[in-house]
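>>> Requesting a structural model of the entry that follows:
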Amino acid sequence: MKILTLTIALLFTCTLQLDAQKFGYVDTQALLLEMPDVKEANSNIETFTTQLQKSGQEMVQALQAKYAELQRKQQQGSISPKQLEVEAQTLKDEETQIMKFEQESQQKIMAKRDKLLSPLRDKIQQAITDVANENGFNYIFDLSTGFVLYAEKSTDCGALVKAKLGL
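Predicted coordinates:
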């Protein structure tokens, strides 16, 4: 009987503690899409991407023209095998530079996206924190990713786990 009473008391206590917790969720992707600043940032990123792609395409077209010219010279016999080898290597080096440009372009696009969108994500995070504090939420989850965006500091059990591990 004591065990049953103790079990009921424990369940009742856990239920009360669960009821005291307040959870919420938000879809940050939907919020981002609704923000006017995001539309402007995406437009800037798109313009930047288009400019880099255009430069890359021009480089590729120039390289293709050089390859065609080298092939024409070879077919006409107006280039020695040694010159052909030197020019082919030069074109291969240029091709490597184009691939490097494409990789750097992707990195620049990612950096631009991060630079423009990070302040907007920070603004959303601050709004989430403010809403949590003003409305007594213990946890707020992101519906689009499943991550915890806000957690009440008093619910952090890291110190307990460290103690259990002897750290």
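>>> three-state assignment of residue 146?
What DSSP: H, G, I helix; E, B strand; the rest coil gives for residue 146 is coil.
>>> Tell me which stretches of the chain form helices.
For the chain, the helices defined by DSSP state H occupy 2-20, 28-34, 36-76, 81-135, 158-165.
>>> Pass me the low-pLDDT residue ranges in this structure, would you?
In the predicted model of the chain, residues 1-19, 167 satisfy pLDDT under 70.
>>> before we move on, back to that, with distance to residue 147 and mean neighbour count added, can I get the helices of the chain in CSV?
Heads up, the C-betas are built off the backbone N, CA and C, glycines and all. Listed next are the helices of the chain as CSV, based on distance: least, Cβ to Cβ, whole Å; neighbours: other Cβ atoms under 10 Å:
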stretch, distance to residue 147, mean neighbour count
helix 2-20, 21, 9
helix 28-34, 9, 14
helix 36-76, 19, 13
helix 81-135, 11, 13
helix 158-165, 17, 9
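>>> can you tell which of those helices is closest to residue 149?
Nearest to residue 149, of all the helices of the chain, is helix 81-135, at 5.2 Å by Cβ to Cβ.
>>> Contact partners for residue 148?
139, 140, 141, 142 (Cβ atoms under 8 Å, 6 or more residues apart in numbering).
>>> What residues are recorded as beta-bridge partners of it?
Beta-bridge pairing of residue 148 under DSSP bridges involves residue 141.
>>> Check the spacing between it and residue 131 real quick.
Remark: distance between residue 148 and residue 131 (Cβ to Cβ, to the nearest Å) = 14 Å.
>>> re earlier: among the contacts of residue 148, which one lies nearest to residue 54?
Comparing the contacts of residue 148 against residue 54 with Cβ to Cβ places residue 142 closest, at 36.1 Å.
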